[in-house]
Every structure is written in C-alpha cells, then in structure tokens.
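>>> starting from these lines, generate the structure:
(one chain, ligands or ions: 1)
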Amino acid sequence: MSTHTKLQAAPPTAATPAKFTIEPVRDAEQLRQYVDQHWRTGHVLARDERMFDFQYRTKWVDKRLFPLGVSVLGAYEGSELVGFLGAIIAPYPRPQSYWLALWHVLPTLKGGGHGGKLLNEMQRLAVGTDGRGKGWIGTFGAGPEALPVYLKRGYACRAVRRWVYTNPIPDPTPPPQSLHAGEVRPPEEWLAYRYDAHPIFTYERRRAGIFRTEQNAWGIVTHVLRLDDQTPGGWRDDVNEVFLRDSARALAAGCNYLMDAWAIDPPGTGWTLAPDDLPSVFHPPTARGNLIYTVGRPFVCGDVQKGECDQDRPN
Ligand SMILES: CC(C)(COP(=O)(O)OP(=O)(O)OC[C@H]1O[C@@H](n2cnc3c(N)ncnc32)[C@H](O)[C@@H]1OP(=O)(O)O)[C@@H](O)C(=O)NCCC(=O)NCCS
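Next comes the predicted model:
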C-alpha cells in the first residue's frame, strides 16, 4: 500500500464550485466540532473523547497513512473542514481492515463530488485503487439507498437481518457458518479491545458468545454481539442461561424482555426473524426496520453480527 498523497479535486464545475483537498484529518478537535455542529448536537463522538479515540485511534491504524493516528479522511476547502469519512481499523476480516463508520459532507455541498472522492481515497488506502491490495474495506449498517454507490465501485453486498430468541430449548448443535476463504475471524486481541476495553459499555464475555444486557425505556434487552461456533456442545447453554436469567429479571420487574441478534443466516434453532413492529431498542424505541446491509471489498464477510463496525455504541 502506498503512503497517502493529497488528492486535488477536478477543475471547478457548477456542481463543484470550490477547490478542495482530501487528506487525513488535520485536527481531531476540529472534526469533533464538525460532528457536533453538522451531524448531531451532543453526538457521542463529539462529547466523549474516549469514544472518539476508541473508534478512530485503534492500535491498528497505520500512522504512515494517518499521521495523527486518527483514521478519518477530511475534505478541506482551505482550512475549513467541509466533510469527512471515518474508518475503524481492525485486524479482521483481513489483518488490515477498514470498517467505514460515519460519512458526511456539508448539506450545501451534497451531490458535489466530495463524498465520492472521500470514499475513493479511503478505498485507495485500504485496498489500492484497483482493489487488489492486501487490505479490506467495507461496512455494516448501510441502508438500501447506499447500495448502488458501493455496487458501482465493485463491493459485494449482503443483507443482514435481525433475529429474536424466543424458544430456549437445549440443542447442542451449533449452526453451520460459511466464511469467505480469505476471511480471518476477529482475533482475541481485537475482542479484548472491542469488548473488554470499551470506554462506556460493559460486555459479558462467555465461552459461546458476547452479550450486553441493558434496561431502557422499553424494558430489559439483551444484545447478542457475537455468537461463536467454535465451542461445539456448549454454545446453546450460554445463550439459554443468559436468556433465562435476564427474562426472569424482566418478569420480576414487570417489564418487556427481548434478546436479539443480527446475522445473515438464522443464528440457530430457537431464533426467529424479528417482527416488523418490534422497536429497535438501543436507539429511541421505535420500529426502524430489521434489515441492514453489509458491504465489502474484495469480499463481503460471511459472518456479520451486531458487534461489528459501530453498530453497538452509545449515541
Ligand atoms: C452521503 C454523503 C456523504 C455523500 O456525499 P456527496 O458529496 O453528496 O457525494 P457525491 O456527490 O460525491 O456522490 C457520491 C455518490 O453518492 C451518491 N449519493 C449521494 N447522495 C445520495 C443519496 N442521498 N442517496 C443515494 N445516493 C447518494 C451519488 O449518486 C454518488 O454515487 P456515484 O459516485 O456512484 O455516482 C452526503 O450526501 C451526506 O453527507 N449525507 C448525509 C449523511 C449520510 O447519510 N451519510 C451516510 C451514512 S453514514
């Protein structure tokens, strides 16, 4: 992978009136102010420096490409930050992988080419312009409207659905999983970072999976971040134990209970597709759909769960 070079924008047209450069962000504080001002006031990445660092300053960031150690590209018009594209750098599904997280351009510049150039440049850093580099680039959390943008650029896409656990019956057989031939599973070093060292959330790591149970305005919810198929004979016991423990708490408290997971294929027996009217309960509790997309280049992961990318973080 070559080191970063500044991209000069194409000559000004009606759609791209001003000159801009795409480069690694110059100033983390300026970026956090941008997020607060233009994405959402009080956004967690703006208000909590620990979350910002956790997301964008992982130890897998290559400082030759991102001198501040912050894996975000900015679009600049002079000294003004007018857009950005962030990536969480992780050691899976390839050892140097870019999980795209947050992409934004000033509303007045939308459709002017800044966003596309940010994506092209991030892609160049991750996998090379021809996509044949050793890295990986992709995301989990794309909406249907974004799919053409990725498809046109040679990404593979898959739909990921939301499942709810409803039927705690013993079953020692883990579900089959088909990973891409080039896909590395998250190594322990990543799991320790992502789940044990999280600055805000506390996760319950068990042999067969990773869980986070919270009580919120809707009720008690167990988010299943990962279910691993590496523990034949035991994985269901953990799921059942957590389910029975936390649903009993909900019963005692007289509130709703839900255990949910995101996965491409059914996670196993006992899981069913989430009904359409079930609210997404880690955001304000409204029904927001149970289908989101994952994309990747040169391949899409065979195993995508709720713990991937920035899907389970405070807002
Ligand atoms: C998404 C966003 C960053 C794109 O930036 P932009 O400068 O408008 O993008 P460009 O003009 O370079 O267009 C890039 C591509 O996105 C497509 N695109 C832009 N806005 C789109 C929209 N609202 N819906 C679908 N596609 C869109 C363009 O067609 C273009 O596709 P192409 O390169 O295949 O032709 C910008 O619209 C934005 O800030 N949106 C609000 C935040 C958001 O939704 N972020 C994405 C989820 S994190």
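
>>> spell out the secondary structure type for the one residue in the stretch 51-200 of the chain that gets nearest to the ligand.
Using C-beta to the nearest ligand atom, the single residue of the stretch 51-200 of the chain nearest to the ligand is residue 115, 2.0 Å away. Using the backbone N, CA and C atoms, a C-beta is placed for each residue, glycine as well. Three-state assignment for residue 115 (DSSP: H, G, I helix; E, B strand; the rest coil): helix.

>>> need the per-residue pLDDT for it.
If you check residue 115, the pLDDT there is 96.

>>> residue contacts, the closest residue in space to it that isn't next to it in sequence?
Leaving aside its chain neighbours, residue 115 sits nearest to residue 105 (4.8 Å; criterion: C-beta to C-beta, 6 or more residues apart in numbering). By C-beta atoms under 8 Å, 6 or more residues apart in numbering, the contact set of residue 105 is 75, 82, 83, 112, 114, 115, 118.

>>> hmm, back to that, give the burial count for the residue of the stretch 51-200 of the chain closest to the ligand, as a bare number.
Around residue 115 there are 19 other residues, counting by other C-beta atoms under 10 Å.

>>> likewise for residue 59?
With other C-beta under 10 Å as criterion, residue 59 counts 10.

>>> secondary structure class of the nearest residue to it once chain neighbours are set aside, three-state.
Computed as C-beta to C-beta, 6+ apart, the closest residue to residue 59 that is not its neighbour in sequence is residue 193, at 7.5 Å. Using three-state DSSP, the secondary structure recorded for residue 193 is helix.

>>> wouldn't residue 193 be in contact with residue 57 here?
No. Judged on C-beta atoms under 8 Å, residue 193 makes no contact with residue 57 at a distance of 11.3 Å.

>>> what residues does the stretch 101-250 of the chain have near the ligand?
With C-beta under 6 Å from any ligand atom as the criterion, the stretch 101-250 of the chain comes near the ligand at residues 102-105, 109-116, 145, 149, 152.

>>> same thing but 5 Å
103, 104, 105, 110, 111, 113, 114, 115, 116, 145, 149, 152 (C-beta under 5 Å from any ligand atom).

>>> narrow those residues to those that are buried.
103, 104, 105, 113, 114, 115 (16 or more other C-beta atoms under 10 Å).

>>> is the second one in contact with residue 81, as I believe?
So that's residue 104. No. Assessed by C-beta under 8 Å, residue 104 is found out of contact with residue 81, at 10.2 Å.

>>> okay, and the common contacts of those two?
residue 34.

>>> can you list contacts of whichever strand or helix holds residue 53?
Take DSSP states H and E as the rule and residue 53 turns out to sit in helix 49-56. With C-beta under 8 Å, 6+ apart as the test, helix 49-56 has contacts from 28, 32, 44-46, 70-72, 86-88, 101, 197-200, 310, 313-314.

>>> so how far is that helix off the chain centroid?
Remark: helix 49-56 is offset 14 Å from the chain centroid, using C-alpha atoms, centre = their mean, to the nearest Å.

>>> next one: stretch 45-62
With C-alpha atoms, centre = their mean as the basis, stretch 45-62 stands 13 Å off its chain's centre.

>>> what about the longest helix in the chain?
The longest helix of the chain (DSSP state H) is helix 235-253.

>>> what's that one packed up against?
strand 209-215, strand 219-227, strand 256-263 (3 or more C-beta pairs under 8 Å, 6 or more residues apart in numbering; DSSP states H and E).

>>> need the helix or strand of this structure with the lowest average pLDDT.
strand 7-8 (a mean of 42; mean pLDDT, DSSP states H and E).

>>> per-domain residue ranges of the chain.
20-134, 158-297 (automatic domain parsing).

>>> before I go, just wanted to say thanks for your time.
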